[in-house]
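> sequence below, structure please.
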Amino acid sequence: MSEPVPMEPLVWAEAQAQGHAVRPRQPQLEVEAILANAGIGIAFTRERRFYLCNARFAELFGWTVEELIGQPGEVVYTSRESYETLGRIAIPLLAGGGQLDVEWELRRRDGTKFPCRIVARAINPEQPAQGTVWLADTARPEPAPAAAQDASDATLAARSAELQAIIDRLQAELAERKLAEERLIAERTAELQATNRRLEAEIAERLQAEGRAQHLADHDVLTGLPNRRLFEDRVTQALAFSVRNRKLTAVMFVDLDRFKHVNDTLGHAVGDAMLKEVAQRLVDQLREGDTICRLGGDEFVILLPEIKRSSDAAHVAQKIIEAVAQPVTLDERDLHITCSIGITVFPDDGRDAEALIRNADAAMYHAKEIGRANYQFFTEQMNIAATRRLALENDLRRSVQNGELRLRCQPVIDLRTGAVAANEALLRWQHPARGLVTPGEFMQLAEDTGLILRLGEWALREACRWAQAQGGEAALPVAVNLSARQFGDPKLVETVQHALRESGLPPHLLELEIGETAIMQYPDVTIPTLHKLKQLGVTLAIDDFGTGHSSFTFLRRFPVDKLKIDVSFVADMAEHKDNEAIIVTIVGLAHALGLKVVAEGVETEAQIEFLRHAHCDYAQGYHIGQPAEAAAPGEPTA
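I've put the predicted structure just below:
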């Protein structure tokens, strides 16, 4: 049989299992008597399964009552299609409070089919989950005389009355049980709420007392900062995370320069006020998750967990030096103080909290020896690397203003014709002292510091301007790579619009390349951005394809036009024949999705021939053409 929605079990059977012995059994006994003495089959269904029936119903279909209980309603139908067809008729009818009355061909357990008359009603149409009642009897083999028809109608009316009686008793049973349960729940809820209030008050009082005691044990009284005991515990935890995640952890020892002079000349009250102000300034320079501790006197120690490189600690140290150097106004006087900082980095400078703090202290004294108000790493090697990185960052910040950036274009050919089909714009940095700085030396630095937004915007605008200068509509498309940080910039679409409008370049001649990792990391954010870019009319490509975790099924959601096969697959084809199969697979599946494919890093003629046979669309690489400096129309390329 079928019913409009999943149904609940029989009310009395469930209640008995839960031990509700206080409820009268009279309605239940009456229903059981009707089931036992009925001359027609009666069954109840819930969740499309039989959970109660009388012997007549079971016999009608060749089952015993015990065997039929729990079976799906589909077992009495001649086919799945028949079952679903009647369901489409019954569901809206019963849900609307109507009565189903049909003749339907059904099936006995032995497979024989027979016409059956079915009458069904929901126990309570307003609450379909209470169940559905079904009456079943064999149908008449041929039309009956008028007298017999009258008798049949009378029998049907009687059976409908029986069905209504069952439904009425079940509804009364449900109402009675619901009222009893509501009373019991209300009483128990009131008791539990009162008990919970008492427990919450006791727990809160105890926690407050424990919290006060623990805070005093773990924190400095003057500044409220963690003390050495708590700091060393957090260092131990941070080092464990660093080992697990293969990240660095830095410890900085901060000491105020000539603080004793403040105490000696202005008194300890002023000194304490200055310590509290400096402590707050130190806290303001740190990330959430960093820890700062006051060891005592004018000494502080800072924990920087999970940094990417030692120069990150140098950035924080410089910020601290600058913040501490700002005047401190106390008693209407501006006081000035500086600090010296020593830095150690796990695991090179120590394997535990004690060693890292001790070595940072030594580095701090070295900072004082060479003039104070500076920071020093524990090792000279780290000092050199961090200093070089900071100098490079400072130079990079001035590169746009000083006109040191260069745009170079590499041709992309159509593998079918061999003709140049597009150019990819590549960013280069012509440093006045270092000469040409490769992207590998400064792109990650630009990404980490956020300078990539300025550099990327410059590259985008210059690429559009250069492409438009090559001939407008007749010009070849130009591809510009977007970094992960650029792609996450909320102003990206506006930046692209501005570059197109400023240059006059038709949007279809601009191709934006986004790395596979960046595009796949947060698809819920990525997809709306891609659609906005696509609405501008630009071409979109996934760069470095094959290095991330893309699936071709997932690619259907992205409004992209091209895939650029990562250079590693092309470069290693000769040594790793599996790469050839991977390239063929990528090309075939990409074409099935309506995407064009570009192979990067082509270095040999053999690679070109293989890519042609694999039906790859485009290729680029040093064998095809090296990046050449973009020149204005009429000027020679570099």
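> quick check: pLDDT value at His215.
pLDDT recorded at His215 is 61.
> ugh, wrong one, Glu580
87.
> same check, this time on the one 4 residues further on
Val584 is assigned a pLDDT of 91 by the prediction.
> so how far is Asp331 from it?
Separation of Val584 from Asp331 (CB to CB, to the nearest Å) stands at 79 Å. Every C-beta, even on glycine, is put in place using the N, C-alpha and C of the backbone.
> and Gln376, what element?
Using DSSP states H and E, Gln376 sits within strand 375-377.
> more neighbours: Val584 and Asp331, which one.
With other CB atoms under 10 Å as the criterion, Val584 and Asp331 differ in neighbour count, and Val584 comes out ahead with 16 against 9.
> could you give the number of residues near the nearest residue to that one once chain neighbours are set aside?
Leaving aside its sequence neighbours, Val584 sits nearest to Ala614 (CB to CB, 6 or more residues apart in numbering; 4.9 Å). Number of residues near Ala614 (other CB under 10 Å) recorded here: 18.
> ok, Ala614 - contacts?
The contact partners of Ala614, by CB atoms under 8 Å, 6 or more residues apart in numbering, come to Glu580, Ile583, Val584, Val587.
> next: Ala518.
Leu482, Ser483, Ala484, Phe487, Gly488, Thr526.
> tell me which two of these sit farthest apart.
Ser483 and Thr526 (14.1 Å; CB to CB).
> before we move on, back to that, residues in contact with the strand holding Gln376?
Against strand 375-377 from outside (CB under 8 Å, 6+ apart): 252, 310, 314, 317-318, 321, 340-345, 363-364, 366-367, 370, 383, 386.
> buried subset of the residues you listed?
Buried subset of the contacts of strand 375-377 (neighbour count, 16 or more other CB atoms under 10 Å): 252, 310, 314, 317, 321, 340-345, 363-364, 366-367, 383, 386.
> in stretch 533-546, what counts as buried?
Using 16+ other CB under 10 Å as the test for burial, stretch 533-546 gives Leu533, Lys534, Val538, Thr539, Leu540, Ala541, Ile542, Asp543, Asp544, Phe545, Gly546.
> okay, and which of those map to helices?
Leu533, Lys534 (DSSP state H).
> list just the nearest of the buried residues of stretch 533-546 to Leu427.
When these are compared against Leu427 (criterion: CB to CB), the nearest one is Asp543, at 14.1 Å.
> the closest one is in contact with Ile565, isn't it?
No: counting by CB atoms under 8 Å, Asp543 stays clear of Ile565, with 9.8 Å between them.
> tell me how many other residues surround the nearest residue to Gly70 once chain neighbours are set aside.
Spatial nearest neighbour of Gly70, excluding adjacent residues (CB to CB, 6+ apart): Arg49 at 6.1 Å. Residues near Arg49, counting by other CB under 10 Å, number 19.
> pretty sure Arg49 is in contact with Glu74, am I right?
No: the pair Arg49 / Glu74 is not scored as a contact, 9.5 Å apart, by CB under 8 Å.
> which of the contacts of Ala614 are buried? Put it as a ChimeraX command.
Here is the ChimeraX command that selects only those of the contacts of Ala614 that count as buried (16+ other CB under 10 Å):
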select :580,583,584,587
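> dump the contacts of Ala614 into a markdown table; add secondary structure and distance to Trp466 as well.
Formatted as a markdown table, the contacts of Ala614 follow (DSSP: H, G, I helix; E, B strand; the rest coil; distance: CB to CB, whole Å):
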| residue | secondary structure | distance to Trp466 |
| --- | --- | --- |
| Glu580 | helix | 36 |
| Ile583 | helix | 31 |
| Val584 | helix | 35 |
| Val587 | helix | 30 |
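> go through the biggest strand by length in the chain and flag the buried ones.
Taking DSSP state E as the criterion, the chain has its longest strand at strand 420-431. Across strand 420-431, burial judged by 16+ other CB under 10 Å covers Ala421, Ala422, Asn423, Glu424, Ala425, Leu426, Leu427, Arg428, Trp429, His431.
> Gly131 and Val76: what is the separation?
17 Å.
> where's the nearest residue to Glu457 once chain neighbours are set aside, which helix or strand?
Once flanking residues are discounted, Glu457 sits nearest to Thr495: 5.6 Å by CB to CB, 6+ apart. In this assignment (DSSP H and E), Thr495 forms part of helix 492-503.
> and stretch 48-68, what's buried?
Applying 16+ other CB under 10 Å to stretch 48-68 flags 48-54, 56-58, 60-61, 63, 65, 68 as buried.
> among those, which are in helices?
Arg56, Phe57, Ala58, Leu60, Val65, Leu68.
> ok, the residues you listed vs Leu407, which is closest?
Closest to Leu407, out of all of these and judged by CB to CB, is Leu68, at 79.8 Å.
> could you dump the contacts of Ala614 to TSV with distance to Leu500?
Below are these laid out as TSV (distance: CB to CB, whole Å):
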residue	distance to Leu500
Glu580	39
Ile583	33
Val584	36
Val587	31
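> ok, of the contacts of Ala614, which one's closest to Lys276?
Nearest to Lys276 out of these is Ile583 (CB to CB; 64.4 Å).
> quick check, the closest one in contact with His613.
No: using CB under 8 Å, Ile583 is not in contact with His613; the gap is 10.5 Å.
> the stretch 351-500 of the chain: helices as residue ranges?
Ranges of helices within the stretch 351-500 of the chain are 353-369, 380-399, 439-449, 452-469, 484-487, 492-503, based on DSSP state H, counting those that start in this stretch.
> list the helices and strands the last one packs on?
Okay, so that is helix 492-503. Secondary-structure packing of helix 492-503 (3 or more CB pairs under 8 Å, 6 or more residues apart in numbering; DSSP states H and E): helix 452-469, strand 510-515, helix 523-535.
> of these, which approaches Ala136 most closely?
Closest of the helices and strands packed on helix 492-503 to Ala136 is helix 523-535, at 51.4 Å (criterion: CB to CB).
> check which helices and strands the closest one sits against.
With contacts taken as 3+ CB pairs under 8 Å, 6+ apart, helix 523-535 sits against helix 492-503, helix 516-521, strand 539-545.
> that older thread, how about the contacts of Ala518 in CSV, adding neighbour count?
Shown next, in CSV, are the contacts of Ala518 (neighbours: other CB atoms under 10 Å):
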residue, neighbour count
Leu482, 25
Ser483, 19
Ala484, 14
Phe487, 20
Gly488, 16
Thr526, 18
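> which one among those residues gets closest to Asn374?
For those, the minimum distance to Asn374 (CB to CB) is 32.8 Å, reached by Ser483.
> how about the contacts made by that closest one?
With CB under 8 Å, 6+ apart, Ser483 has these contacts: Met443, Ala446, Glu447, Ile452, Gly456, Gly515, Ala518.
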